[in-house]
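Colleague: Below is the sequence, then the predicted model.
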Amino acid sequence: MEEWMEEMEPERAVLVGLHASVFTAEEDASWETLDELEALLETAGGECVAKLLQSRSAPDARTFIGEGKTQELTELARDNDATLIIFDNELSPSQMRVLEEATGRTVLDRSALILDIFAQRARTGEGKLQVELAQYQYILPRLSGLGKSMSRLGGGIGTRGPGESKLESDRRHIRRRIDRLRRDLEDVRRVRAVQRRQRKKAELPLVAIVGYTNAGKSTLLNTLTDAGIEANDRLFDTLDPTTRKLRISETQEILLSDTVGFIRKLPHHLVSAFKATLEELAYADLLLHVVDVSREDWREQAETVEKVIAQLGAQQIPQILVCNKADRCENPDLLPSGQDIIAISAKYGRGMDELMRAMERALGRGRHRVRICIPYADGYLLDVIHKEAAVFATDYTDSGTLLEIECDDKLYGQLRDYEVSADA
């Protein structure tokens, strides 16, 4: 399939955005977001032949960009032999249909393009399940309004995933399929929960690499662990998470996990569908937030990532800001500094020792290695200790059970009264 795609001429597309005063930052379009949309198009295998940015106070209910601009768009697509028109904003089904009829071209929005890329990238069974669920959730409310874009026979951008026969099925069939996919993904979540319990029992902290798409997360994982995963200079190159063991010091071993990259205007269907994968962030002991500081807009990208982290309920987890590609930063003096901010070059392996020391330092915060003696009358505490602490030694004395443990602040607060001196 991929070889066949490579032989095809790339689809020519006009990219369109609407800047409106009534839009939120997430809804709005600009030349910068159109540039990112072009990168997405290239990732999907298409070619941008023209861009159009319209400014108006509010979107037009019928054509989104207004009648005059729609005529201009039609001529622009015709003059550039474009077969595809992609909007940076989200369109309603009726707007999509009206624009297709007016321009004579297939019309997609940003969400459909991202879903198409995810459909190309998914390799594992879990990844395919998540993408299919997201696509059906996107398609279901649009069935009655979609035109050409839902009738093409899997021959180009926006058509990968569920085939034509499935898209023409009635809503009840699609809802049944969505229910089945959710059940299958719930099974995946249960398996992950078991894996988390096993990991906690083994006392290996989980460090998750997060960041904007194409920030260098996979390259960092490869550099630190020789994971050997493919790391290309393209958006959404990693969909299926990879986890490897890494010894960061003589006494500390961790599990280091790569994650799917985030992006502005990430379709909420994808965040929902990838919950089984992304919820791992909420159970991580530490987040490495990788940013590409060679980009002028890296702060905006970092803010996008922070919003998704908060959406997943992982905003309280300790973070290290990893300033990747610092060697390509035009003004290194403007980079942020601090104990939890490390400048690196993942590609050339620079800053790795400093990063591992920062990880060891961050994971050691709030940890207490102590000797405690639990009276036999309070034996119920032993179950809690073995579940929530690392136990290094156990002895039985006349006074009770003597243990050497490492625990977090919360458990230490409960056990403080049982602490004994090292020579006791």
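Modeller: On my side now, so go ahead.
Colleague: Distance from the chain centre to the helix or strand encompassing Arg299, please.
Modeller: Assigned by DSSP states H and E, Arg299 falls within helix 298-311. Centroid separation for helix 298-311 versus its chain: 11 Å, with C-alpha atoms, centre = their mean, to the nearest Å.
Colleague: chain center to the very next helix or strand once past it, what's the gap?
Modeller: Downstream of helix 298-311, the next assigned helix or strand under DSSP H and E is strand 319-324. The chain centre lies 16 Å from the centre of strand 319-324; the measure is C-alpha atoms, centre = their mean.
Colleague: same for strand 319-324, what does it pack against?
Modeller: The contact analysis (3 or more C-beta pairs under 8 Å, 6 or more residues apart in numbering; DSSP states H and E) places strand 319-324 against helix 217-225, strand 286-292, strand 341-343, helix 352-364. For every residue, glycine as well, the C-beta is placed using N, CA and C.
Colleague: so what strands line up beside the shortest one?
Modeller: Strands adjacent to strand 341-343 in the sheet, as given by DSSP bridges, are strand 319-324 (parallel).
Colleague: buried stuff in stretch 248-258?
Modeller: 248, 254-258 (16 or more other C-beta atoms under 10 Å).
Colleague: Residues in contact with it: which ones?
Modeller: If you take C-beta atoms under 8 Å, 6 or more residues apart in numbering as the criterion, stretch 248-258 is touched by 199, 204-209, 217-218, 221, 224-225, 227, 229, 238, 241-247, 280, 284, 356-357, 359-360, 363-364.
Colleague: can you pull the buried residues of stretch 312-328?
Modeller: Those would be 312, 314, 317, 319-326, for stretch 312-328 by 16+ other C-beta under 10 Å.
Colleague: Make JSON lines out of those and add pLDDT and distance to Val370.
Modeller: Listed next are the buried residues of stretch 312-328 as JSON lines, based on pLDDT from 0 to 100; distance: C-beta to C-beta, whole Å:
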{"residue": "Leu312", "pLDDT": "80", "distance to Val370": "33"}
{"residue": "Ala314", "pLDDT": "85", "distance to Val370": "29"}
{"residue": "Ile317", "pLDDT": "89", "distance to Val370": "24"}
{"residue": "Gln319", "pLDDT": "94", "distance to Val370": "27"}
{"residue": "Ile320", "pLDDT": "96", "distance to Val370": "26"}
{"residue": "Leu321", "pLDDT": "96", "distance to Val370": "31"}
{"residue": "Val322", "pLDDT": "96", "distance to Val370": "32"}
{"residue": "Cys323", "pLDDT": "96", "distance to Val370": "36"}
{"residue": "Asn324", "pLDDT": "95", "distance to Val370": "38"}
{"residue": "Lys325", "pLDDT": "94", "distance to Val370": "42"}
{"residue": "Ala326", "pLDDT": "92", "distance to Val370": "39"}
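Colleague: Determine which two of those are furthest apart.
Modeller: Maximum pairwise distance among the buried residues of stretch 312-328 (C-beta to C-beta): 27.3 Å, between Leu312 and Ala326.
Colleague: Tell me which stretches of the stretch 51-200 of the chain form strands.
Modeller: Under the criterion DSSP state E, counting those that start in this stretch, the stretch 51-200 of the chain contains strands at 84-87, 106-109.
Colleague: how close does the closest residue to Ile309 other than its chain neighbours sit to Ser257?
Modeller: Using C-beta to C-beta, 6 or more residues apart in numbering and skipping residues adjacent in sequence, the residue nearest Ile309 is Gln315, 5.6 Å away. Here the criterion is C-beta to C-beta, to the nearest Å. By it, Gln315 lies 18 Å from Ser257.
Colleague: Tell me which of the strands of the stretch 51-200 of the chain sits nearest to Leu129.
Modeller: Nearest to Leu129, of the strands of the stretch 51-200 of the chain and by C-beta to C-beta, is strand 106-109 at 23.1 Å.
Colleague: neighbouring strands for that closest one, and are they parallel or not?
Modeller: As assigned by DSSP bridges, strand 106-109 forms pairs with strand 84-87 (parallel).
Colleague: number of nearby residues for the residue lying closest to Ile263 once chain neighbours are set aside?
Modeller: In space, Ile263 comes closest to Thr213 once its chain neighbours are excluded; the distance is 5.0 Å by C-beta to C-beta, 6+ apart. Here the number of neighbours of Thr213 (other C-beta atoms under 10 Å) works out to 26.
Colleague: Mean confidence (pLDDT) on the helix or strand harbouring Glu36, please.
Modeller: Remark: Glu36 resides in helix 31-44, with elements defined by DSSP H and E. Mean pLDDT, helix 31-44: 92.
Colleague: Next: stretch 140-155.
Modeller: 56.
Colleague: dump the residue contacts of Asp353.
Modeller: Applying C-beta under 8 Å, 6+ apart, no residues contact Asp353.
Colleague: likewise Glu406?
Modeller: Counting by C-beta under 8 Å, 6+ apart, Glu406 has contacts 367-370, 389-390, 392.
Colleague: Would you confirm that Thr219 contacts Lys347?
Modeller: Yes - counting by C-beta atoms under 8 Å, Thr219 does reach Lys347; the two are 5.7 Å apart.
Colleague: Quick one, grab the pLDDT at the residue nearest to Val305 when sequence neighbours are not counted.
Modeller: Residue nearest to Val305 in three dimensions, not counting chain neighbours: Phe262, with 5.0 Å by C-beta to C-beta, 6+ apart. Looking at Phe262, its pLDDT is 83.
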